[in-house]
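J.: any chance you could fold what I've pasted below:
(chains A, B, C and D)
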4 protein chains.
Amino acid sequence: MIGVAVVGYGYWGPNLVRNFWETPGARLISVCDLRKDRLTAVQSRYPAVQITDEFEEVLRDSRVDAVAIATPPAAHFKLAMKALMAGKHVLVEKPMAATSDEARRMVEEAARRRLVLAVDHTFVHTGAVRKMRDLVENGLGDVYYYDSVRVNLGLFQHDVSVIWDLAVHDLSIMDYVLPERPVAVSATGMSHITGEPENIAYLNLFFDSRLIAHIHVNWLAPVKVRRTLIGGSRTMILYDDLEPSEKIKVYDKGITLNGDPQRNGEKVYQMLVGYRTGDMYAPHLDVTEALARELRQFVDCIERSEQPIADGHAGLRVVRILEAASQALAQRGRVIELEQARRIA
Amino acid sequence: MIGVAVVGYGYWGPNLVRNFWETPGARLISVCDLRKDRLTAVQSRYPAVQITDEFEEVLRDSRVDAVAIATPPAAHFKLAMKALMAGKHVLVEKPMAATSDEARRMVEEAARRRLVLAVDHTFVHTGAVRKMRDLVENGLGDVYYYDSVRVNLGLFQHDVSVIWDLAVHDLSIMDYVLPERPVAVSATGMSHITGEPENIAYLNLFFDSRLIAHIHVNWLAPVKVRRTLIGGSRTMILYDDLEPSEKIKVYDKGITLNGDPQRNGEKVYQMLVGYRTGDMYAPHLDVTEALARELRQFVDCIERSEQPIADGHAGLRVVRILEAASQALAQRGRVIELEQARRIA
Amino acid sequence: MIGVAVVGYGYWGPNLVRNFWETPGARLISVCDLRKDRLTAVQSRYPAVQITDEFEEVLRDSRVDAVAIATPPAAHFKLAMKALMAGKHVLVEKPMAATSDEARRMVEEAARRRLVLAVDHTFVHTGAVRKMRDLVENGLGDVYYYDSVRVNLGLFQHDVSVIWDLAVHDLSIMDYVLPERPVAVSATGMSHITGEPENIAYLNLFFDSRLIAHIHVNWLAPVKVRRTLIGGSRTMILYDDLEPSEKIKVYDKGITLNGDPQRNGEKVYQMLVGYRTGDMYAPHLDVTEALARELRQFVDCIERSEQPIADGHAGLRVVRILEAASQALAQRGRVIELEQARRIA
Amino acid sequence: MIGVAVVGYGYWGPNLVRNFWETPGARLISVCDLRKDRLTAVQSRYPAVQITDEFEEVLRDSRVDAVAIATPPAAHFKLAMKALMAGKHVLVEKPMAATSDEARRMVEEAARRRLVLAVDHTFVHTGAVRKMRDLVENGLGDVYYYDSVRVNLGLFQHDVSVIWDLAVHDLSIMDYVLPERPVAVSATGMSHITGEPENIAYLNLFFDSRLIAHIHVNWLAPVKVRRTLIGGSRTMILYDDLEPSEKIKVYDKGITLNGDPQRNGEKVYQMLVGYRTGDMYAPHLDVTEALARELRQFVDCIERSEQPIADGHAGLRVVRILEAASQALAQRGRVIELEQARRIA
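T.: The predicted structure is shown next:
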């Protein structure tokens, strides 16, 4: 039985608490937050759980084997490092840290102490994203493009741009689904409130192959959109996370080349390209709650000394891209190379 | 009565012929194409119309006041210049020319000879786009962003990239709808067939204000999408051209600032932003066929010596952006300034 | 402060408990259920709430002013009557009772004792249905038809047909929204499992005016549909409960009569009818949770000795129609008159 | 080469003319209409085709082997009988005739003279409906229900109710797709214009098996809907004719019975029913224009002395149901038996 403490009971913390409460193999020991009203809420719902506003108290508690950190990102590094140094396994919210340097030091600390360091990339535990990975590996052919739109109205943040808030989801999904890692990134965007971070942004990700990726994130859209297109040489995928049941559609569509483009290329207006239009199908998806699945895996990894799907390295790769995208954003779309991320991966 | 000749009876020419045939004030004199089978098709449908495979014959015909050019873009410049020099008014397909230099010379030639030079930016004559312009002028407030997705499977072209084929529509709509002109452009994209032009591309357009524009075009998508979002400080527009009747939706949505962001900015996590969510409405749209409306306007402009909505200057502005986008595309997204376009506009 | 007991903690009971827990003016005293495991679940979530498997204990408790009954429908009558006779106000799940005779006796008992008898017609407390009622009263003109489709896969029930399970929602909405009461009903349907009640059914409701109503309910549909059309002489409404935000759309559409149909009727193929197609709009809806709103109203009614929107009479009218529809169903669609219901209303 | 004359050049006639013009094996000889302006329109488009306002002239023309009748339904019988008696093969618009007696006499006359009598049930020649028939035969299992919604705004007709105008499509599709013929029909509906036929109607069709069918037709709906659900014991079909490409969706969904319902039936609230939720797929459909395919088949049948898919018997079965539905409509939904239709089929 793994003893768990949840730190931060704001927007996401209650989901962690509710799920840890029901995770086989886990025992929820305590919840830590700076705000009294939140601790009172915990107490009335979970009277058996200890509450505290002192993080050090959590660390001192020998019943606590693992700490789940759901505070604002700026605090992730400090809290996670303290927890690791106290010998606790760590699950940290995404983005894993505020800088890639912080993320790297967290990865190193966990490795040194042989502790599990997991990042809460919740989407990679959904039935839809897991099916996508399976489809990309088996049947899509060469991956041509990955295009995601994630827009809605709100919630504007003060300390980070829309990239750190919304694109982080796409980057964590791509990290899990795609067979390649990006080598460079560029981004453009705009803030429409003076003095505030960008509320709309477009990211380009470049790869060594012909794969191209693009992410559109926007806090100021009149409609909510969560749509990803993945084009392959054999099939293509449409992933619409707002569809109630058919979130993934697989299209047996594409092009076929008739003849040798090199030889025929100069003959203007001659069609070399044929279009293939076959069936579409929407595979049945596992509907287990992603977070339940993720927490069970976190507990299993601790027990078996294994690495989770979304480990510190995955978290670092995502932060490295976010960081580079922010640099690009500040320079009206200049392309930023990602060598370091490549080396680590 | 304005005598009209249509040059080029391939993909779009038949639409011009059918509509000129029924345009009050126009008389369709002749159709010119290099291919016999097409001319035969014209003859069987419109026995009263003269057919020819010699462009010079069209120019010599004194009954012909205006020439509509629907050939591949590479031939636009040569044919249009000859027509103008023969004293004919010209309607030319989009993109107006293969280079901005060509487009500029066409504009100058038409101006010198006081002839009407119209570009067939068909979309600006649709009820939907005209309504959008009206909405942007009246009620949208400051324009924050313009975001368009125009993707489908096919038709791949050999001589031009997907930008010249698909983004040309968005650029012509933006030129008509937006109150500002872009000052710089960047673009990324990829070709997935060796030796062929880009089949997927993303364009960014920069403006002097906080307006940002973005266009996603793709010949290799499993689904057809024609969706534009326009965000304003007061209302927001969703334009979905595939909706059978409610193509334009206007959302009374947005943000409101509570307090002074300058003073409160440092207080981390404090919400300054309020969200406004009101009614949505879909205005009834004029359903006149856009091309019919456009041709009637072309004829009217000739008769009254007026300039059409989409004149040579509009065509040139669009070509200038396409040209800059192609330069950007070749340099992995480098930002290209558009000073010249600004000067002319 | 009104003391409340919830009886039945199966599918719907937990929602009542959660909402009563947070209803201002209400104090949740106890929860009663026959199953131990359910009572244990209550205890772990709400340690301050008393649990019991004896209904009589609830009735004896003088702190309990009102009883909310969420058991299977067959038990509603017996439990509600006992509660009323013990001087408790009652909120009962829909359908209110298994027969109209039972419902009528409940209404009479509550009236005799001047107790509040409310029926949990939850939908009439949603923002969407309240807006519909407002629209029907103001602007729709004469109501021409009410057409509802409520289909999905599952949950099959053993003791009642799909009418009692799904159409009860539509009937309660119609009772609230329409300006008229039906005078007759017919129904057809089919069971596809030997020995089980009908899993698909179609109801027709007849009115004294030209209004016609129709409900399609189905437990065996591949897709989930929740769509209601209301046609009026001036505007028309589409209510799609599965739309995330634009649940209600109002169409400024209809017909206009040109000339006198009496005089022109015999002239075959002459068009008298003109079509009016104006704007569509989707009003912003109140998003308060319906059950929260309903329970607050229930408590208010007790305190002020008022009648709730969905009182025993409303519940009885709905049961009377369900009963008649069941008779019709058994006779392949014979029309059943609803005189008694009319008298009571 | 089969010589063809088209009679009636109103709403549908131009489609017949255009398609016969391009049907291999057919030669369009003449077009007949009472209105001068329509004949002029034919002449300007098809100068080689003869025009006339005298039907007798068509019949006398020995080059004419077959007559396609696209007049208002009231005239079908008289014109078709004359054509048959003149030895011409006949293709007649739907509904085939104004009464089942007329339809029966047409069938008999064609049989006596060994002429092809085809009814223009266009939908049965679409890729979508042909695929549905294939799916129903192979894989759907027992057919449980057939449910169709066909509603829109307009076009109101004076001489026939919405059933004859819209439900005729569903009845012709059902006749082709279902393995059984209905044995009885009932219908309810309403007219909202004094003195005019019903503009909204609901049809129930009864079968000897557990199959149940239902059709909702409406000229006064704010939105256009063309949706059919077919439920089977193994799979289920959603046919949405307004979907641009995925018109047919096949759901691997349904119920499974756990245990013996006879033995377990009395145990209230015990679940016998299990739900099966598998993949959905949308088969690629043949996109040949239905009318082109139909006319080619008509010509083939004449040449080979074969019967078309939609022959006079099919037309008669549909008219018989329309007739019975009209009787039912006039009696507020009384069930009308269809013995005669059964006998003939």
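
J.: any idea which residue of the stretch 1-150 of chain A lies closest to chain B?
T.: Residue nearest to chain B within the stretch 1-150 of chain A (Cβ to the nearest Cβ): residue A:144, separated by 4.9 Å. Bear in mind the C-beta positions are built from the backbone N, C-alpha and C, glycine included.

J.: now do the same contact list for that residue.
T.: A:210, A:211, A:212, A:231, A:232, A:233, B:190, B:192, B:200, B:220 (Cβ atoms under 8 Å, 6 or more residues apart in numbering or on different chains).

J.: for the closest residue to residue A:339 other than its chain neighbours, which residues are in contact?
T.: Spatial nearest neighbour of residue A:339, excluding adjacent residues (Cβ to Cβ, 6 or more residues apart in numbering or on different chains): residue A:183 at 7.7 Å. By Cβ under 8 Å, 6+ apart, the contact list for residue A:183 reads A:206, A:207, A:208, A:337, A:338, A:339, A:342.

J.: same deal with residue A:236?
T.: Contacts of residue A:236 by Cβ under 8 Å, 6+ apart are A:140, A:229, A:230, A:250, A:251, A:253, A:254, B:220, B:221, B:222.

J.: that older thread, relative to the whole chain's centre, how far out is the particular helix or strand that has the residue of the stretch 1-150 of chain A closest to chain B in it?
T.: If you go by DSSP states H and E, residue A:144 is part of strand A:143-153. Distance, stretch centre to chain centre, for strand A:143-153: 14 Å (Cα atoms, centre = their mean, to the nearest Å).

J.: list the strands paired with it, with their directions.
T.: strand A:212-218 (parallel), strand A:220-232 (antiparallel) (DSSP bridges).

J.: how about TSV for those, with mean neighbour count and mean pLDDT added?
T.: Putting the strands paired with strand A:143-153 into TSV (neighbours: other Cβ atoms under 10 Å in any protein chain shown; pLDDT from 0 to 100) gives the following:
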stretch	mean neighbour count	mean pLDDT
strand A:212-218	25	98
strand A:220-232	22	97
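
J.: dump those strands to CSV, plus distance to residue D:241.
T.: Formatted as CSV, the strands paired with strand A:143-153 follow (distance: least, Cβ to Cβ, whole Å):
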stretch, distance to residue D:241
strand A:212-218, 33
strand A:220-232, 25
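
J.: out of those, the one nearest residue C:279 is which?
T.: Nearest to residue C:279 among these is strand A:220-232; the distance by Cβ to Cβ comes to 17.0 Å.

J.: whichever helix or strand comes after the closest one pairs with which strands?
T.: Next in sequence after strand A:220-232, counting helices and strands by DSSP H and E, comes strand A:236-240. Strand A:236-240 sits in its sheet next to strand A:220-232 (antiparallel), strand A:248-257 (antiparallel), going by DSSP bridges.

J.: so where does whatever residue of chain A ends up closest to chain D fall, helix or strand?
T.: The minimum distance from chain A to chain D, using Cβ to the nearest Cβ, falls at residue A:281 (3.7 Å). For residue A:281, the host element (DSSP H and E) is strand A:273-282.

J.: any weak-confidence spans in the stretch 201-345 of chain A?
T.: A:259-272, A:340-345 (pLDDT under 70).

J.: contact residues of it facing chain D?
T.: A:246, A:252, A:277, A:278, A:279, A:280, A:281, A:282, A:283, A:284 (Cβ under 8 Å from any Cβ of the partner chain).

J.: identify the farthest-apart pair in those residues.
T.: A:277 and A:284 (23.6 Å).
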